[in-house]
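1. Build the 3D model from these lines:
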Amino acid sequence: MRLAVWAPTANAVVAVIGPADGERVKARMERGDDGWWRGPDVPHGTDYAYEVEGDGPWPDPRSAWQPAGVHGPSRTFDASRHAWRDGDWTGVDALGAVFYELHVGTLTPTGTLDAAIAQLADLKAIGVDIVELMPVAPFPGRHGWGYDGVSLYGVHEAYGGPEALQRFVDAAHRRGLGVCLDVVYNHLGPDGNYLSKFGPYFTDAHDTPWGWAVNVDQADSEGMRRFICDNALRWFEDFHIDCLRLDAVHEIRDDSDRHILAQLSDETAHLSERLGRPLSLVAESDLNDARMVTPTAEGGLGMTAQWNDDVHHALHAYLTGERHGYYVDFGPIEVLDKTFREVFWHNGTHSPFRGKTWGAPVAPEVDRRRFVVCASNHDQVGNRAIGDRPASTLSPGAQAASLALVLLSPFTPMIFMGEEYGETRPFMFFTDHDEPLGSAVSEGRMTEFAGHGWEALYRGDVQVPDPQDRLTFLRSKLGSGLGATTATNDVIAAWFSELIALRGRIAPRAAWQAHPAGVAELAPRVLAMNGPLRVIANLTEQPFEVEVGQVLAVFGESSDTSGSVRLAPDTVVVTEPLP
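-> So this is what the prediction gives:
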C-alpha cells in the first residue's frame, strides 16, 4: 500500500512510519503536479503519520484506521483482505424500504458492531429492510453520537474498527438486510481535526454553525470535492454499503457551477452501474425543496431520497400537543393532512418559527417514496432536554396510531431503535471529550436549553443530563436489547408486525394514485388516514362508532355492528378503504 496525501500548498511532507510508542523512521515523500505527495509502499497494519513542513506528525486525512484514537498515528488497512460471503447479494431499493436507525454503542450492552450482528436476524424477522447506522467515523473518546467525527475514512475503534464494519455488512447481506451508513460531509469535529494542516480543506468564504465551511467552491476546492466523493464511493465498493445518509446537506455551501451533491449523485450512479446493484443517497435537508431529489439531468441534485421533518413535526405536535420551539408551526389536523397530501407543510408559506417564507411545492408526479418519514429519530429524541421518547408519555393507542401513520403512509418509513416495541428508556446526547472541551460541551448543553420552556412541558424543574457523565451514555442503552420486556411492549411489537404484513398492499405507486393520501378528524381526537388502506384511531376517552370497510387489524378493543365498528377508547383499526 503506497502512502499518499493531498497537500497542495506544502513545501515538504515526510512520512513518519512506526508506532507512537516505538521505533519510528522517516521517509521522504515526492510531490506530484496534482498536489499529491507520494511515499513508500508499506504493508497492511503499518502505523504511520505525516509531518508537514516540520510540523506534526499528524494522522492521515484519509486514514482508514485509528487504533490509538483521533490524535494517534494512522494504520494502513487493506480492505481487499476481507473474504466476502455476500456474493448472491443483489442490493436493495431504498424507495419504500423500511429503515431502522440505530446507534451502535447503545444497541447492545457491549456496544460493538460484532455484538450488533447478533441482532440482525431479529431485525429481519420483524420486517426491516435497511439497517441505518449512525456515524461510525472515529471521534474523541469511547462513546458519542458520532457527528463530531474527524477521520471520515475510518471506523471508530471502540465499535471494532474497519474490519468489524465489513463483517457487519457481510452478515447483514447474508440475512437479506441492506445497510445504510450515516456520513457527515458538512463539517468535522473540533478535537482531532488536522485537515487544515495539509491544505485548503476549509474556507472562510462561508459560515456554518461549526465555523468555516468545507471548501467545495473556492480555490483548490477539487481536493475537498474528491475527499467527499472518494469517501462515499469507497464505502460502497470496499465495504459493500448499500446506502449513505448525508447529514445536514443544507450546511454544505456550494456556489460552484456544479453542486457537489450533483457530482456525488452522478458518480454514485456510474459506480452502481459498474457494480450491478442499486446504490442510494438519502439527504438530510431542511430546505423543503424537491430539487434535492430531482435527477441531475433535469437540473436537480439527484439524491435518491431525503428526510422530511415536516411529517414528523406535524405528527408529533398533533399527538402530544407540544407547541414549543419549531413545533409552534405545527399541531392542527390540517397541518398533518397537508404534509400527507403535499409532502411539506411549508412549501412556499410563511414559517412563524423561522420568521420567513420557507420551502417550495412538490409536484404531484414526484414519487412520495423519495421522502423518508418517521415518528422518532436520534435528533428528535436526543435533542430534547432529557432525551425522552414519545413512548414515555403517549398512550399505547397513540403509539399504535403513530406507527400506523408512518408505516402505512405513501412515504418511505423509518423507525428509531426500540420504537418497534415501545421502548421508554431515553436516548440522550452524550460525549466523552477531554478537557477543556468536555466542560465546554456540558456548559453549552445547559445553556442551550435554558429558557426554552421545558419546565412547562415537563411540569417541573428540568435537570438536563450532563453529556460528559458516563451514566448519560449508559442510561441511553436499550433496556434489554431488541425484544419486548413488558405486556405493553408485547402488544406494541405484535401491532408492529401486523402493520409490516399489511405494507405489501400499499407498496405499488398505483395504489396511491387510486387512493390519494389524506388525514382528517372524524371528531375531535378521532383520527382517520385515508389511502389504499384506512387507519382510524380513537384517541379519546369515549367509545366511537364509525362506518368502515373490511377490518384488517385492530389495536385495542372494537366490536362490529352492521356496516360499522365501535372503537373503544385508545383503539386503532386498519381497514379497507370505503367504496
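2. doesn't Glu53 make contact with Ala7?
-> No. Applying Cβ atoms under 8 Å, one finds Ala7 not in contact with Glu53, separated by 9.1 Å. Using the backbone N, CA and C atoms, a C-beta is placed for each residue, glycine as well.
3. more neighbours, these two?
-> With neighbours defined as other Cβ atoms under 10 Å, Ala7 and Glu53 compare such that Ala7 has more, 21 against 13.
4. mind listing what the more buried one touches?
-> Going by Cβ atoms under 8 Å, 6 or more residues apart in numbering, Ala7 touches 13, 35-37, 50, 52, 198-199.
5. Setting aside sequence neighbours, what's the nearest residue to it?
-> Leaving out its chain neighbours, the residue that sits closest to Ala7 by Cβ to Cβ, 6 or more residues apart in numbering is Phe198, at 4.3 Å.
6. For that neighbour, give me its contacts.
-> Contacts of Phe198 (Cβ under 8 Å, 6+ apart): 5-7, 10, 50, 52, 58, 61.
7. Please apply the same query to Asp60.
-> Counting by Cβ under 8 Å, 6+ apart, Asp60 has contacts 3, 5, 48-50, 74.
8. can you list residues touching both of Ala7 and Glu53?
-> Val13.
9. After the worst-scoring helix or strand of the chain on mean pLDDT, which helix or strand is next?
-> Least confident helix or strand of the chain, by mean pLDDT, DSSP states H and E, is helix 454-458 with a mean of 66. Toward the C-terminus, helix 454-458 is succeeded by helix 470-474 as the next helix or strand (DSSP states H and E).
10. tell me the mean pLDDT for that following helix?
-> Per-residue pLDDT values across helix 470-474 average out to 96.
11. low-scoring stretches of the stretch 301-450 of the chain, by residue?
-> Flagging of the stretch 301-450 of the chain using pLDDT under 70 yields the residue ranges 450.
12. now swap in the chain and tell me
-> Scanning the chain for pLDDT under 70 picks out the ranges 450-456, 459-461, 480-484.
13. Please render the contacts of Asp60 as JSON lines that adds neighbour count and secondary structure to the earlier fields.
-> Output for the contacts of Asp60, formatted as JSON lines (neighbours: other Cβ atoms under 10 Å; DSSP: H, G, I helix; E, B strand; the rest coil):
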{"residue": "Leu3", "neighbour count": "21", "secondary structure": "strand"}
{"residue": "Val5", "neighbour count": "23", "secondary structure": "strand"}
{"residue": "Tyr48", "neighbour count": "25", "secondary structure": "strand"}
{"residue": "Ala49", "neighbour count": "22", "secondary structure": "strand"}
{"residue": "Tyr50", "neighbour count": "27", "secondary structure": "strand"}
{"residue": "Ser74", "neighbour count": "27", "secondary structure": "strand"}
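14. mind putting these in CSV, distance to Tyr318 included?
-> Shown next, in CSV, are those (distance: Cβ to Cβ, whole Å):
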residue, distance to Tyr318
Leu3, 56
Val5, 52
Tyr48, 55
Ala49, 53
Tyr50, 54
Ser74, 49
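15. Of these, just say which sits nearest to Met224.
-> Distances from Met224 to the contacts of Asp60, taken as Cβ to Cβ, are shortest for Val5 (13.7 Å).
16. Now do the contacts for the closest one.
-> Taking Cβ under 8 Å, 6+ apart, one finds 13, 29, 36-37, 50, 60-62, 198 in contact with Val5.
17. just checking, which of those belong to strands?
-> The members of those that map onto strands under DSSP state E are 13, 36-37, 50.
18. on that earlier part again, now, which of the contacts of Asp60 sits nearest Asp41?
-> When those are compared for distance to Asp41 (Cβ to Cβ), Leu3 wins out at 7.8 Å.
19. From Gln66, how far off is the nearest residue to the closest one once chain neighbours are set aside?
-> Among residues not flanking Leu3 along the chain, Gly39 sits closest, at 4.0 Å (Cβ to Cβ, 6+ apart). Using Cβ to Cβ, to the nearest Å, Gly39 is found at 19 Å from Gln66.
20. higher neighbour count, the two?
-> Per other Cβ under 10 Å, whichever of Gly39 and Gln66 has more neighbours is Gln66, with 27 against 19.
21. if you skip the residues just before and after it, what's nearest to that one?
-> Leaving aside its chain neighbours, Gln66 sits nearest to Pro138 (4.5 Å; criterion: Cβ to Cβ, 6+ apart).
22. for that neighbour, what are its contacts?
-> If you count contacts by Cβ under 8 Å, 6+ apart, then Pro138 has 63, 66, 69-70, 149-151, 154-157, 192 around it.
23. Now with 7 Å, please.
-> 66, 70, 149-151, 154, 156-157 (Cβ atoms under 7 Å, 6 or more residues apart in numbering).
24. Could you do Leu408 as well?
-> By Cβ under 7 Å, 6+ apart, the contact list for Leu408 reads 499, 502-503, 506, 533, 535, 574.
25. repeat that for 6 Å
-> Contacts for Leu408 (Cβ atoms under 6 Å, 6 or more residues apart in numbering) come out as Leu533.
26. Need the residues that contact stretch 11-28.
-> The contact list for stretch 11-28 (Cβ under 6 Å, 6+ apart) reads 3, 7, 29, 37, 39-40, 47-53, 57, 72-73.
27. Mind doing that once more with 7 Å?
-> By Cβ under 7 Å, 6+ apart, the residues outside stretch 11-28 that reach it are 3, 5, 7, 29, 37, 39-40, 42, 46-53, 57, 68, 72-73.
28. What of stretch 241-252?
-> Applying Cβ under 7 Å, 6+ apart, the external contacts of stretch 241-252 come out as 91-92, 94, 130, 132, 147, 169, 178-187, 208-209, 214, 216, 232, 235, 260-261, 279-287.
29. Pull out the buried residues from that stretch.
-> Within stretch 241-252, the residues scored as buried using 16 or more other Cβ atoms under 10 Å are 241-249, 251-252.
30. pull the CA atoms of it into CSV?
-> Presented in CSV, the C-alpha positions along stretch 241-252 are these (Å, rounded to 0.1, in the frame of the first residue of the first chain):
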residue,chain,number,x,y,z
ILE,A,241,-22.6,-0.4,1.9
ASP,A,242,-25.9,0.0,0.1
CYS,A,243,-27.0,3.5,1.0
LEU,A,244,-25.5,6.6,2.6
ARG,A,245,-27.5,9.1,4.7
LEU,A,246,-25.9,12.5,4.2
ASP,A,247,-26.1,14.7,7.3
ALA,A,248,-27.4,18.2,7.1
VAL,A,249,-26.6,18.8,3.4
HIS,A,250,-28.1,22.3,3.6
GLU,A,251,-24.9,23.3,5.5
ILE,A,252,-22.7,22.3,2.6
